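Student: Pasting the sequence and the predicted model now:
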Amino acid sequence: MSVVSANVFAAIDLQRVTGIDPDLRELVPYEIACRHRCLPLYVLDNETLVVAVEDPTNDIAFDDIHWWTGWTSQPVVAERDTLTRSIAAFYGAN
């Protein structure tokens, strides 16, 4: 069962994203973000986590995120290199 809330995927330019809530680091741990190349962006309506990903069809990633958060995920597609840099910057990794 997929826990992704839609099957139409928007794209995002992570270079233009600012102000991600630092509390999302605890919601989606660094290890999960790296394993699935995903970056939590914000919460919609207290039940859906919007997540930047390289592959929005990776059901395993969204199942993991659901297991950690209890929420449905709404993926937005991000370019691989920018996503990698954004994950490192958000989690303070080098």
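Tutor: Arrived safely, thanks for sending. Residues are numbered from 1 along each chain as shown.
Student: What are the boundaries of the helices in this protein?
Tutor: 24-27, 30-36, 59-69, 80-91 (DSSP state H).
Student: Can you give the distance of stretch 69-77 from its chain's centre?
Tutor: Averaging C-alpha positions (Cα atoms, centre = their mean, to the nearest Å) puts stretch 69-77 7 Å from its chain's average.
Student: Any buried residues in that stretch, and which?
Tutor: Across stretch 69-77, burial judged by 16 or more other Cβ atoms under 10 Å covers 69, 71-76. C-beta: built from backbone N, CA, C; applies to glycine.
Student: just stretch 19-27 next, same as before
Tutor: For stretch 19-27, using 16+ other Cβ under 10 Å, the buried residues are 20, 24, 27.
Student: One more: stretch 39-46?
Tutor: Buried-residue list, stretch 39-46, by 16+ other Cβ under 10 Å: 39-41, 43.
Student: so how far is stretch 62-79 from its chain's centroid?
Tutor: Worked out by Cα atoms, centre = their mean, stretch 62-79 lies 6 Å from the chain centre.
Student: ends of that stretch, how far apart?
Tutor: Across stretch 62-79, the terminal residues are separated by 18 Å (Cα to Cα, to the nearest Å).
Student: got the contact list for that stretch?
Tutor: Stretch 62-79 is contacted from outside by 2-6, 9-14, 27-29, 32, 35-36, 38-39, 41, 43-44, 47-54, 56, 86, using Cβ atoms under 8 Å, 6 or more residues apart in numbering.
Student: Quickly list what the closest residue to Ala11 other than its chain neighbours is bridged to.
Tutor: Leaving aside its sequence neighbours, Ala11 sits nearest to Val77 (Cβ to Cβ, 6 or more residues apart in numbering; 4.6 Å). Beta-bridge pairing for Val77 (DSSP bridges): Ala11, Val53.
Student: Okay, now the unreliable bits of the protein?
Tutor: 1-7, 94 (pLDDT under 70).
Student: center of this protein, which residue is that?
Tutor: Val51 (2.6 Å; Cα atoms, centre = their mean).
Student: Please list all residues in contact with that one.
Tutor: Listed by Cβ under 8 Å, 6+ apart, the contact partners of Val51 are 28, 38-41, 62, 65, 73-76.
Student: Having no further points to raise, I will conclude here.
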